[in-house]
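S.K.: Here's my sequence, what's the structure:
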Amino acid sequence: MPATGITVNTITRAGAAPVAEAAGDNTNGNSFPNNGATWIEVTNGGGGSGTVTVAIPGKVDGQTVPVKSYTVAAAGKARIGPFPPAIYGNTVVITPSAATITVAAYQLGS
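M.R.: Residues are numbered from 1 along each chain as shown. The predicted structure is shown next:
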């Protein structure tokens with residue numbers, strides 16, 4: 001199945017209200033459009049540490065590039081990104097290690 005989409009919230013000079021984080025899809029992953037000024041905020045609602053992996057599409061010398069992994073402390077938060085499109089592509093796919101991890105995506109507007 002394809003990764004579950006996440007809406008990217010734009011922050012402008014006028015500000016932006018906090019948004020509810022989406023449930024992390026630890027089976028199929030989550031995806032969001034990427035413009036190079038996008039980052040994610042993740043919350044681990046679990047009692048143990050968790051991880052969020054970020055896929056790096058493409059190959060180097062015919063070899064698949066391994067995912068980038070970030071640890072999120074138990075009952076902790078993390079901000080991850082931005083994601084340069086030349087490395088991560090125009091769509092970023094992340095996979096949380098547990099359903100207790102939630103995520104919101106943000107980008108800077110003008």
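
S.K.: next one: the lowest-mean-pLDDT helix or strand in the chain to chain centre, how far?
M.R.: Scoring the helices and strands of the chain by mean pLDDT, DSSP states H and E places strand 59-60 at the bottom, with a mean of 90. On the basis of CA atoms, centre = their mean, to the nearest Å, strand 59-60 sits 22 Å off its chain's mean C-alpha point.

S.K.: So in that sheet, which strands flank that strand, and in what orientation?
M.R.: Using DSSP bridges, strand 59-60 pairs in its sheet with strand 63-64 (antiparallel).

S.K.: May I have the following helix or strand past the strand it pairs with as CSV, with CA atoms only?
M.R.: Next helix or strand after strand 63-64 toward the C-terminus (DSSP states H and E): strand 68-72. As requested, the backbone C-alpha atoms of strand 68-72 are provided in CSV (Å, rounded to 0.1, in the frame of the first residue of the first chain):
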residue,chain,number,x,y,z
LYS,A,68,18.2,8.1,7.7
SER,A,69,17.1,7.2,11.2
TYR,A,70,16.2,9.6,14.1
THR,A,71,15.6,8.6,17.7
VAL,A,72,12.6,10.1,19.6
